[in-house]
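> Let's see this in three dimensions:
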Amino acid sequence: MSSTLVSETNAEPLSEIQADQISRYRVAWKTADHAWTPRASVSRSVFPIADGADMQMFSMQASGSDQLGMLPDVGASTFGRTFAAEPDKLIEQLKADPAVMSADALLIIIPTGMGVDVNVKILENLAAHVAPALGGSRTTKDQSSAIPSSNSCRSQALRFNVSSVRLQ
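You can find the predicted model right below:
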């Protein structure tokens, strides 16, 4: 799993750094002659803007590029951009991300401090408006979101499962 932060900095964007990491990982895995195929995932902060409320809440979150920064005890690091746009724009941006398209899974980073209702809406908007265009599938509360045993979705489409959860 590669997060929205890597402790590598160079002239390349995070998406290209991660795509290279995934490629090198798969080559090393194959070279080691392991008996099964590994899975690779990346994470992104993604906020679909599906209505006026989303526009108010998330439109200022979008960042057009990665940021470079320094972390104590780590040093220079690359911080990934935040995606916040209308679903069709998000789909274009995610399809243009080489790490997302080479990964087996896309993990969505959501803002826990905004509350359950906001997070559920983010995930529902992703499942309804973005995931289908990436080849995703939505689970229902009666289905589990099992990890597929093959890399069949890599480079073609990502599996995107959202389980309905009730919190009391």
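> could you point out which element follows the helix or strand containing Met101?
Per DSSP states H and E: Met101 is located in helix 98-102. Moving toward the C-terminus from helix 98-102, the next helix or strand (DSSP H and E) is strand 105-109.
> Give the buried residues for the very next helix or strand once past that following strand.
Later in the chain than strand 105-109, the nearest helix or strand by DSSP H and E is helix 116-125. Neighbour-count burial for helix 116-125 flags Val118, Asn119, Val120, Lys121, Ile122, Leu123, Asn125 (criterion: 16 or more other CB atoms under 10 Å). In this view, the C-beta of every residue, glycine as well, is placed from N, C-alpha and C.
> mind checking how far helix 116-125 is from the chain centre?
Centroid displacement of helix 116-125 relative to its chain, using CA atoms, centre = their mean, to the nearest Å, is 16 Å.
> now swap in stretch 101-117 and tell me
Distance of stretch 101-117 from its chain centroid, counting by CA atoms, centre = their mean, is 6 Å.
> Could you give the average pLDDT over stretch 85-98?
Stretch 85-98 comes out with an average pLDDT of 94.
> And for it, what's in contact with it?
Outside stretch 85-98, the residues that touch it by CB atoms under 8 Å, 6 or more residues apart in numbering are 15-16, 18-19, 44, 46, 48-50, 62, 83, 100-101, 106, 125, 129-130, 133-134.
> Return the set of buried residues in the longest helix belonging to the chain.
Assignment by DSSP state H gives helix 14-31 as the longest helix of the chain. By 16+ other CB under 10 Å, the buried positions in helix 14-31 come out as Leu14, Ser15, Ile17, Gln18, Ala19, Gln21, Ile22, Arg26.
> Look over those and name the one with the lowest pLDDT score.
Out of the buried residues of helix 14-31, that is Leu14, at 82.
> That residue and Pro98, how far apart?
10 Å (CB to CB, to the nearest Å).
> again with Met114
Taking CB to CB as the measure, Met114 falls 29 Å from Pro98.
> Can you tell me the SS state at the residue of the chain most remote from its centre?
Within the chain, Asp33 marks the point farthest from the mean C-alpha position, 28.5 Å out by CA atoms, centre = their mean. Under DSSP: H, G, I helix; E, B strand; the rest coil, Asp33 falls in the coil class.
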